[in-house]
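Participant: Make a model of this:
(one chain, ligands or ions: 2)
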Amino acid sequence: MKIQSKYPNPFFTTCDIPDAFFCDREEETDKLRRMVTGGNNVLLVSPRRMGKSGLIHHLFNQEDISSKYYTFFVDIYATGSLDEFIQKLGREIVTKLSGKGFDAVAGFLRALTSLKGEFSIDPSTGMPSFSIGIGEIKHPQTTIDEIFNYLEDADKPCIVAIDEFQQIANYEQKNVEAVLRSKIQMMRNTAFIFSGSERSILSQMFFSHSRPFYQSTSMISLEPIGRSVYVPFAQKLFEIYGKQIASKAIEDTYDLLQGYTFFIQRTMNEAFSLLPAEEKCDTAFAFACIDGIISTNDGLYKEIMASLTPNQRALMASIAKEGTAFNIMSEDFAARNGLGSVSSIQSSVRALLKKQLITKGLDKEYYLDDKFMELWLIRQYGYSPSFRLDQNRLRTRTN
Ligand SMILES: Nc1ncnc2c1ncn2[C@@H]1O[C@H](COP(=O)(O)OP(=O)(O)OP(=O)(O)O)[C@@H](O)[C@H]1O
Ligand SMILES: [Mg+2]
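Facilitator: Ligands and ions are numbered 1, 2, ... in the order given. Below you'll find the predicted structure:
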């Protein structure tokens, strides 16, 4: 089958991307590979939507890894307790083992003696299933030990990726970090990748003396894909599919969206699908695609803004305007943006962080996670996107 008909759009907006459509990350993949195959645990951090989950899947899809290791990927974003963590991990292991047949799954479930009698056969697959309700995990610490022991005894080494790991810090039970750490540090057959976007929470977890995971991993900080790498990548994908795009259009899109992978890919995905045959995508066309995407989200953004206080709204707009905002708790930032007192900024920051509308970086800088919402805000408050382009160019020149 021709690649064009199997994948009608070469710009993937999911995180498990076939190799041919995955942009670069060669150094990062090698580094991650070297660490985990050398038995080290890794902390992988980046702002949201930069490509952490994609990088982990990419590594797991490589032949040398998939043939020699059992790999597991657990996203714990939506979990709130060790019980839910166990459910996610258990289900992932069962899903992976089902490829090896009934006995493999049954063998795993039998190893979980603390859950005895809690399993059933899934009538649709005929496989034993891990349909454990929350109340049914009576001894979570024992169950987690059993799961990890099972991985330790596997006939191949294992790599377990726990995505959105910062979530552990929000669990009500406060000893979960300690429980996991004490087990994980003893494991020899299993390497862990912890990944997440909340740098300040993760750096507390991994780099503060008093926390169980203190200095237990090496860290990889995932930066934007380089512009000089992304531009030819995107241009080639257009070409392979018989379409055309000016490199300037990709460069301008990259700059406008500050290198944030998902937002650029989403724009290219849209431009690719809307570009009329025989036309060449230029900057105006790419930006019109961004406008289109932003207007689809208009209702949602309005709703979010309506749920905020006037102070919080004003702060959102000020951060959006600056792109990455430094020293926001200063008189200077307050005066520059007409934000009133520093203490009111502090309480707005807390509220916006809690609502996950903004993120705090390691240098106490703040930015919006959603770069499309950022552009929407810039426009709502009377700036034009070219303002941002000029600002970026200015920054590049002065850096
Ligand atoms: N190397 C890549 N090549 C092409 N597209 C990519 C690449 N990495 C990421 N993307 C794009 O960016 C999107 C976001 O990637 P991913 O989900 O891996 O980010 P993330 O850092 O895990 O985000 P979050 O913090 O929200 O979980 C993907 O859906 C895909 O569209
Ligand atoms: Mg992710």
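Participant: where in the stretch 101-250 of the chain is pLDDT low?
Facilitator: The model of the stretch 101-250 of the chain has pLDDT under 70 over residues 116-119, 133-134.
Participant: let's go with 50 and repeat that
Facilitator: Within the stretch 101-250 of the chain, no stretch has pLDDT under 50.
Participant: Which positions in it make contact with ligand 1?
Facilitator: Proximity of the stretch 101-250 of the chain to ligand 1, by C-beta under 6 Å from any ligand atom, involves residues Ser197. The way it works is simple: take the backbone N, C-alpha and C, and place the C-beta from them, glycine included.
Participant: ok, which stretches of the stretch 101-250 of the chain are helices?
Facilitator: Using DSSP state H, counting those that start in this stretch, the helices of the stretch 101-250 of the chain run over residues 102-111, 140-152, 176-184, 199-207, 227-240, 247-256.
Participant: Please identify the most buried of the ones you listed.
Facilitator: Burial of the helices of the stretch 101-250 of the chain is given as mean neighbour count (mean count of other C-beta atoms under 10 Å); helix 247-256 ranks first at a mean of 20.
Participant: And the next helix or strand past that one?
Facilitator: Where DSSP states H and E defines the elements, the next helix or strand beyond helix 247-256 is helix 261-274.
Participant: Distance from that next one to the middle of the chain?
Facilitator: Here helix 261-274 is found 18 Å from its chain centre; the criterion is C-alpha atoms, centre = their mean, to the nearest Å.
Participant: and that helix, what does it pack onto?
Facilitator: helix 227-240, helix 247-256, helix 283-296, helix 371-380 (3 or more C-beta pairs under 8 Å, 6 or more residues apart in numbering; DSSP states H and E).
Participant: ok, 6 Å please
Facilitator: For helix 261-274, the elements it packs on are helix 247-256, helix 283-296, judged by 3 or more C-beta pairs under 6 Å, 6 or more residues apart in numbering; DSSP states H and E.
Participant: longest helix anywhere in this structure?
Facilitator: helix 82-98 (DSSP state H).
Participant: Let me see the residues that make contact with that one.
Facilitator: 72, 74, 76, 79, 104-105, 108, 127, 130, 132, 134, 137, 140, 143-144, 173, 176 (C-beta atoms under 6 Å, 6 or more residues apart in numbering).
Participant: switch to 8 Å and redo it
Facilitator: 70-76, 78-79, 104-105, 107-109, 112, 125, 127-130, 132, 134, 137, 140-141, 143-144, 147, 150-151, 160, 168, 171, 173, 176, 179 (C-beta atoms under 8 Å, 6 or more residues apart in numbering).
Participant: can you check stretch 204-215 too?
Facilitator: Around stretch 204-215, the neighbours that count as contacts under C-beta under 8 Å, 6+ apart are 43, 165-166, 168-169, 177-178, 180-182, 194, 216-217, 219.
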